[in-house]
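*Asks:* just a sequence and a predicted model for now, questions to come.
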Amino acid sequence: MCRTSERPARSVRYMSKFQALDLGLVVRGHGRHYIVEDADGHRFVCHPRGKKSDAVVGDQVRFAESGDEGVIEAVEPRRNLLFRQDEWKTKSFAANLDQMLVLVAVEPVFSESQLARALIAAEAAGIRMAIALNKTDLPGTDSARERLEPYRAMGLEMFEVALKADREGSRATLDPWLAGQRTFVLGPSGTGKSTLINLLVKNAQAQVGEISQALNSGRHTTTTTQWYWTDDTRTTALIDSPGFQEFGLRQIAAAELWRFMPDLRQHADCRFANCSHIHEPGCGVRAAVDSGLISASRYRIYGEILEELQRKTW
């Protein structure tokens, strides 16, 4: 599976033989069961040893044979880690990423707060970022561009695509940036994330169905992180994600939040070293907001997230 050439996709299968402590890549998981891909591209159903289940998509794991299934013995050290959260807890869900593509659209109108949260999480994890504006064939494109201008001014890579109206043009726009990278694709419902995956990954839906059948998790396909290879050499990957609303920031200390917002960081020449950028005199950030160097909406979002992090109700 996960092949974009004319070769038939390999199917998920249970392991029969493993070399002890082989190295594999987690491409999907559900509960205590994972799909692990070995160095040759074969995929197997595995489960972790013991009660703890802490592997995530993108992890390199050491696994060994145990009867007719594989056992994950250890998770290799991670380069980075992303989190999702709900009202009660924060949980990791993707690791070892090279970059993040945040997909927004002209319609439906995107949430700037959700966009900012995604970019903060990527910045904190040391992951390169870009924004792709989809549906630029629709009226309202100029308004969407205007809302994205603060992010363009921050130096973020920006793409404009029309994934349905101009499939090949969109592919040509994105392919150079995606090539050779492990890219986490994030976007709210309706922005065209599934269209993007289906455009760039051959038999993407078949892969999802096959893995879900192997894990007996078909009901959870829309909330499970999924790894796809876009090329036959397995050098370019897209990691599809659940959604914006669950993106986690609770791993960030409140006092450090401003450091992960480049526009605020650029102007944080304040009188006090521990300035919160909310009420202190001599604050460079607030002065930049007043002079229009930082957008009012970005500063408002900073205040909202800072208040959340300071509450520490989790």
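*Replies:* Great, that's in hand. Numbers count the residues shown, from 1 in each chain.

*Asks:* which residues of the chain fall in helices?
*Replies:* Listed in chain order, the helices of the chain (DSSP state H) span 112-125, 141-153, 167-178, 193-200, 204-215, 262-266, 284-290, 296-311.

*Asks:* now do the fourth one against helix 167-178, angle only.
*Replies:* Yep, that's helix 193-200 we're talking about. Angle of helix 193-200 versus helix 167-178, following axes from the mean of the first three to the mean of the last three C-alpha atoms, to 10 degrees, is 90 degrees.

*Asks:* helices or strands next to helix 193-200 in the packing?
*Replies:* Helices and strands touching helix 193-200, by 3 or more C-beta pairs under 8 Å, 6 or more residues apart in numbering; DSSP states H and E, are helix 167-178, strand 182-186, helix 204-215, strand 237-240. Just so you know, the C-beta spots here come from the backbone N, C-alpha and C atoms, and that holds for glycine as well.

*Asks:* who's L82 bridged to?
*Replies:* Note on L82: beta-bridge partners A94, judged by DSSP bridges.

*Asks:* distance of it relative to I278?
*Replies:* Applying C-beta to C-beta, to the nearest Å, the value for L82 to I278 is 27 Å.

*Asks:* so which of these two has more stuff around it?
*Replies:* Per other C-beta atoms under 10 Å, whichever of L82 and I278 has more neighbours is L82, with 27 against 13.

*Asks:* the more buried one reaches K91, doesn't it?
*Replies:* No. Taking C-beta atoms under 8 Å as the definition, L82 is not a contact partner of K91, at 10.3 Å.

*Asks:* for stretch 259-266, which positions count as buried?
*Replies:* Buried residues in stretch 259-266, counting neighbours by 16 or more other C-beta atoms under 10 Å, are found at F260, M261, P262, D263, L264.

*Asks:* JSON lines please, covering those residues and showing distance to A253 and pLDDT.
*Replies:* Formatted as JSON lines, the buried residues of stretch 259-266 follow (distance: C-beta to C-beta, whole Å; pLDDT from 0 to 100):
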{"residue": "F260", "distance to A253": "10", "pLDDT": "97"}
{"residue": "M261", "distance to A253": "14", "pLDDT": "97"}
{"residue": "P262", "distance to A253": "18", "pLDDT": "96"}
{"residue": "D263", "distance to A253": "20", "pLDDT": "96"}
{"residue": "L264", "distance to A253": "15", "pLDDT": "97"}
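
*Asks:* export the residues you listed as CSV, with columns for distance to R286.
*Replies:* Formatted as CSV, the buried residues of stretch 259-266 follow (distance: C-beta to C-beta, whole Å):
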residue, distance to R286
F260, 18
M261, 14
P262, 17
D263, 13
L264, 10
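
*Asks:* farthest-separated two in those?
*Replies:* F260 and D263 (10.9 Å; C-beta to C-beta).

*Asks:* what's the weakest-modelled helix or strand in the protein?
*Replies:* helix 204-215 (a mean of 60; mean pLDDT, DSSP states H and E).

*Asks:* contacting residues for the most centrally placed residue in the chain?
*Replies:* The centre of the chain sits closest to F184, judged by C-alpha atoms, centre = their mean, with a distance of 3.8 Å. Listed by C-beta atoms under 8 Å, 6 or more residues apart in numbering, the contact set of F184 reads L82, A94, L97, Q99, M100, L101, A122, I127, I239, S241.

*Asks:* please repeat the previous calculation with a cut-off of 7 Å.
*Replies:* L82, A94, L97, M100, I239, S241 (C-beta atoms under 7 Å, 6 or more residues apart in numbering).

*Asks:* for the nearest residue to D54 once chain neighbours are set aside, grab the count of nearby residues.
*Replies:* Excluding its sequence neighbours, the residue lying closest to D54 (C-beta to C-beta, 6 or more residues apart in numbering) is V75, at 6.6 Å. Number of residues near V75 (other C-beta under 10 Å) recorded here: 16.

*Asks:* who does V75 bridge with?
*Replies:* Legend: beta-bridge partners of V75 under DSSP bridges are V61.

*Asks:* select, out of the helices of the chain, the one closest to V106.
*Replies:* Closest among the helices of the chain, using C-beta to C-beta: helix 141-153, at 4.7 Å.
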